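K.L.:
here are the coordinates; sequence isn't available:
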């Protein structure tokens, strides 16, 4: 069975200018893997309408799910929601329930024109609850529009997650080998990859004070094959005189 | 004058699986901004040949410079260099100087077939020095191929930087306002953006223990306009009763 795939659009100038360290990619990559909707591509794009609209239309045709982060606040540079409406060719209009939630939240007179933008959505949007700061995200078609602030994005994702239907989750086992250089085991590792064509065998060198080593990862839907491949990896490492350390399994 | 633009391809399954927190986007975004080649897009893509080749050919036609990180080590999942050759339609063959550097570096007998892959490059590649671990990156056309390990990537970028010719660097000023909510100043901020159409006025809320606030950024090539716009921002903040704190200017 092939799992449904995901693409993430990180929308905002602040990551592209280096002002902000992205904190959303790793969270979503991990959570989507856990629910069996592997993340296959990320694009970080600026607050430029033509770029947002064009990118969105390209990726929503290619992936089963598209997640966006950023650009749904009240300021002039928050243009994601409006651009999503344009991408889908539907009106951008007050969403009665989102509007009502925001109106209840603000003091009389404080639900101003800028904040009303957060209650304005593409026609047909279904709300994604925001347990942190009220203003909801939304889903339209296969596109899930979330906030950029990590704490709010995470709350929105957890509200959305039960509605997403993934394939089998990926099983993964990591073996660490201090002091081993990739080039020494590369040929043996290629042979292990060839033996387990249904798995992804990854090799990730690391560097630390006083040395380094390599983390070897076996990953795939077949948890038993992952176990056996990771035994092969440990055997390869022992053959070059290393003491492999098995990491915790993750599913 | 329009600055040359940059796109970054982060190549590797480890970011898409959530195993690794990307540390290269922020570094390159910042350094490229400093040398006047603003980063306009990032794509994180998996170790899949058709994806690497297709993406590379799309973005190298669209941006003045393309930087890649990851996939140039000795293991079977290091396929970037080979894919770049395919994207350019040139042979992937031993690069005499890269080969010689690696041969000198390894003990006799240790420059094995896997490591020889690191001395194999698209025909016409110009080397990017690697002061950390010898195996070079390379430039071909407008594509700069670098390692994924942050320390090595950074050394490669600094070796490459003097050869890159950017436009005027971006000036930027940030004003922080604790306790101010975006929705209160959004309309005033939109007016400031309208007054300074040549600048980017960005609004970035932050959340901390015991409160939060908003960081307001004025950015552009005209350093004097950035100064004036940031004075406008401070005035707007004082008008809503906040004590704005001016950040350090960055160029």
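P.N.:
That came in fine, so what should we check first? Please read all numbers here as calculations on a predicted model, not as lab measurements. Numbering: from 1, shown residues only, chains lettered A, B, ... in the order given.
K.L.:
how is chain A carved up into domains?
P.N.:
A:6-163, A:171-246 (automatic domain parsing).
K.L.:
Let's see the distance spanning the shortest one from one end to the other.
P.N.:
Looking at domain A:171-246, the gap from its leading to its trailing residue is 14 Å under the measure C-alpha to C-alpha, to the nearest Å.
K.L.:
Likewise for the first one?
P.N.:
End-to-end distance for domain A:6-163: 15 Å, by C-alpha to C-alpha.
K.L.:
What's the mean pLDDT across it?
P.N.:
Mean pLDDT, domain A:6-163: 96.
K.L.:
Over to the last one?
P.N.:
Across domain A:171-246, pLDDT averages out at 91.
K.L.:
Pull the distance from it to the chain's centre.
P.N.:
Taking C-alpha atoms, centre = their mean, to the nearest Å, one finds domain A:171-246 lying 25 Å from the centre of the chain it belongs to.
K.L.:
quick one: it near chain B?
P.N.:
Yes. Legend: contact between domain A:171-246 and chain B by C-beta under 8 Å from any C-beta of the partner chain is shown at A:172, A:174, A:182-184, A:186-187, A:189-190, A:193, A:200-207, A:217, A:219. For glycine as for every other residue, the C-beta is placed from the backbone atoms N, C-alpha and C.
K.L.:
What separation do you get for the most centrally placed residue in chain A and residue A:7?
P.N.:
The structure's chain A has its C-alpha centroid closest to residue A:28; by C-alpha atoms, centre = their mean the separation is 3.0 Å. Separation of residue A:28 from residue A:7 (C-beta to C-beta, to the nearest Å) stands at 10 Å.
K.L.:
where along chain A do the strands fall?
P.N.:
Secondary structure of chain A (DSSP state E): strands at A:6-11, A:39-45, A:65-69, A:92-94, A:120-122, A:126-128, A:137-140, A:143-146, A:171-178, A:200-208, A:211-220, A:245-246.
K.L.:
Out of those strands, which one sits most buried?
P.N.:
Mean neighbour count, computed with mean count of other C-beta atoms under 10 Å in any protein chain shown, is highest for strand A:65-69 among those, reaching a mean of 27.
K.L.:
Next, the distance between the ends of stretch A:34-47.
P.N.:
Start-to-end, stretch A:34-47 (C-alpha to C-alpha) is 30 Å.
K.L.:
Chain neighbours aside, what residue packs nearest to residue A:237?
P.N.:
Distances taken as C-beta to C-beta, 6 or more residues apart in numbering or on different chains place residue A:244 nearest to residue A:237, at 4.1 Å, with adjacent residues excluded.
K.L.:
if we can go back for a sec, out of the domains of chain A, deepest packed?
P.N.:
It is domain A:6-163: most buried of the domains of chain A by mean count of other C-beta under 10 Å, with a mean of 20.
K.L.:
The stretch 51-200 of chain A: helices as residue ranges?
P.N.:
Assigned by DSSP state H, counting those that start in this stretch, the stretch 51-200 of chain A shows helices spanning A:80-88, A:96-105, A:113-116, A:150-160, A:182-195.
K.L.:
Show me the contact partners of the longest helix anywhere in chain A.
P.N.:
In chain A, with assignment by DSSP state H, the single longest helix is helix A:223-239. Helix A:223-239 has contacts (C-beta atoms under 8 Å, 6 or more residues apart in numbering or on different chains) with A:171-173, A:175, A:177, A:180, A:185, A:188-189, A:192, A:195-196, A:198-199, A:201, A:216, A:218-220, A:243-244, A:246, A:251.
K.L.:
if we can go back for a sec, which of the domains of chain A sits closest to residue B:14?
P.N.:
domain A:171-246 (5.7 Å; C-beta to C-beta).
K.L.:
contact partners of stretch A:119-133?
P.N.:
Contacts of stretch A:119-133 (C-beta under 8 Å, 6+ apart): A:81-82, A:84-85, A:88, A:90-95, A:97-99, A:101-103, A:135-140, A:144-147, A:151-152, A:155-156, A:159-160.
K.L.:
Could you rerun that using 6 Å?
P.N.:
Residues outside stretch A:119-133 that contact it (C-beta atoms under 6 Å, 6 or more residues apart in numbering or on different chains): A:81, A:84-85, A:88, A:90-95, A:98-99, A:102, A:136-140, A:151-152, A:155-156, A:159-160.
K.L.:
Just the endpoints, please. Distance across it?
P.N.:
End-to-end distance for stretch A:119-133, by C-alpha to C-alpha: 13 Å.
K.L.:
before we move on, back to that, give me every residue that touches the residue nearest to residue A:237.
P.N.:
By C-beta under 6 Å, 6+ apart, the residues touching residue A:244 are A:175, A:177, A:234, A:237.
K.L.:
hang on, the earlier thing: and chain B, which of the contacts of stretch A:119-133 reach it?
P.N.:
The residues of the contacts of stretch A:119-133 that also fall near chain B, by C-beta under 6 Å from any C-beta of the partner chain, amount to none at all.
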